[in-house]
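Undergrad: 3D, please:
(2 chains)
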Amino acid sequence: MATTNATITLSSSDLTGDALALSTTTSLTKAGTLTGLTQTTGVGRKTTSATAQYTLFDGDAYANGSHKVYLKNTSTVATEYLTIEINSEQMGKLYAGDWAFFPWEANADTNDIKITPSVSTSLTLEYALFIDE
Amino acid sequence: MASVRATLSLSSAGVLSSPLNISVNSNLVVDSGSLIRAKVKGTAADTNDLAVYIANQCSERAYLYIKNLETELESYIYVHNDTDTGLVAKIGGGEFAFIPINPDKKHEVYATRVDTMIEYGVFGNDNSAAPYGGT
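TA: Predicted coordinates for the structure are as follows:
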């Protein structure tokens, strides 16, 4: 069984009077079990070249489960973002240099994860999917 | 303005034939944010949900950190906004998410179990016209 750990650290010395310092770790497991996720897409990159919507992960291609998604906008231009859509709803905008990590249920074709770049010039998204199968 | 440094590390010795080590960070330039620990009462959408983000509380962009503090993986929390029908995220006990959220929409949480404890924080640029505590 593979063990994959995800650790998030949030820190700030100037947001509040008391310094923010949070660090927490979770093991990536299958839905409702302690069994580690054993499949992954690996770390990949997708470069877009239009402001069209792209399907990053097809919800119909994966079983209903607790997949884990990592995304990073590799752009260095502060105004460039990718709009993330999940379940046909806008999750939010991932701006240059920012990342996201979240579980994904993927139980139907309507559960696609889609991205829409803000620019028609080259924009690269880094991603990884840890698959609950 | 202030900055929040958000770092994610993903590591595994066994999920690929070569070790996986990803470490990324971003500096979020923000002027407001907090960490809150609270109980979720509601067990169905739109009934006793816990509001974690008020619509337009932040301008332009906002990031949500949320962790389900339950120890049982099957004790889920469900993050959704109050105008669409689908889920933004379903998070098992012990799991967390760090996501950008649509700043225009109120985000709420319900859970599998009454009184599920969560920890969450929203970081962004505060919109004084729609403060978190209301007016």
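
Undergrad: Can you tell me the closest non-neighbouring residue to residue A:67?
TA: residue A:104 (4.6 Å; C-beta to C-beta, 6 or more residues apart in numbering or on different chains). Heads up, the C-betas are built off the backbone N, CA and C, glycines and all.

Undergrad: Local confidence estimate at the residue nearest to residue B:117 when sequence neighbours are not counted?
TA: Spatial nearest neighbour of residue B:117, excluding adjacent residues (C-beta to C-beta, 6+ apart): residue B:69 at 4.3 Å. Confidence at residue B:69, expressed as pLDDT, is 97.

Undergrad: tell me the contacts of residue B:69?
TA: Neighbouring residues of residue B:69 by C-beta atoms under 8 Å, 6 or more residues apart in numbering or on different chains: B:37, B:93-94, B:116-119.

Undergrad: how about JSON lines for the residues you listed, with secondary structure and neighbour count added?
TA: Listed next are the contacts of residue B:69 as JSON lines, based on DSSP: H, G, I helix; E, B strand; the rest coil; neighbours: other C-beta atoms under 10 Å in any protein chain shown:
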{"residue": "B:37", "secondary structure": "strand", "neighbour count": "11"}
{"residue": "B:93", "secondary structure": "coil", "neighbour count": "22"}
{"residue": "B:94", "secondary structure": "coil", "neighbour count": "19"}
{"residue": "B:116", "secondary structure": "strand", "neighbour count": "23"}
{"residue": "B:117", "secondary structure": "strand", "neighbour count": "17"}
{"residue": "B:118", "secondary structure": "strand", "neighbour count": "22"}
{"residue": "B:119", "secondary structure": "strand", "neighbour count": "16"}
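
Undergrad: out of these, which one sits closest to chain A?
TA: Using C-beta to the nearest C-beta, residue B:94 comes nearest to chain A of the contacts of residue B:69, at 5.5 Å.

Undergrad: and for the worst-scoring helix or strand of chain B on mean pLDDT, what are the contacting residues?
TA: Using mean pLDDT, DSSP states H and E, the weakest-scoring helix or strand in chain B turns out to be strand B:32-33, at a mean of 91. For strand B:32-33, contacts defined as C-beta under 8 Å, 6+ apart pick out A:12, A:15-16, A:20, B:4, B:58, B:121-126.

Undergrad: redo that, cut-off 10 Å
TA: Residues outside strand B:32-33 that contact it (C-beta atoms under 10 Å, 6 or more residues apart in numbering or on different chains) are A:10, A:12, A:15-16, A:20, B:2, B:4, B:57-58, B:62-63, B:65, B:121-127, B:131-132.
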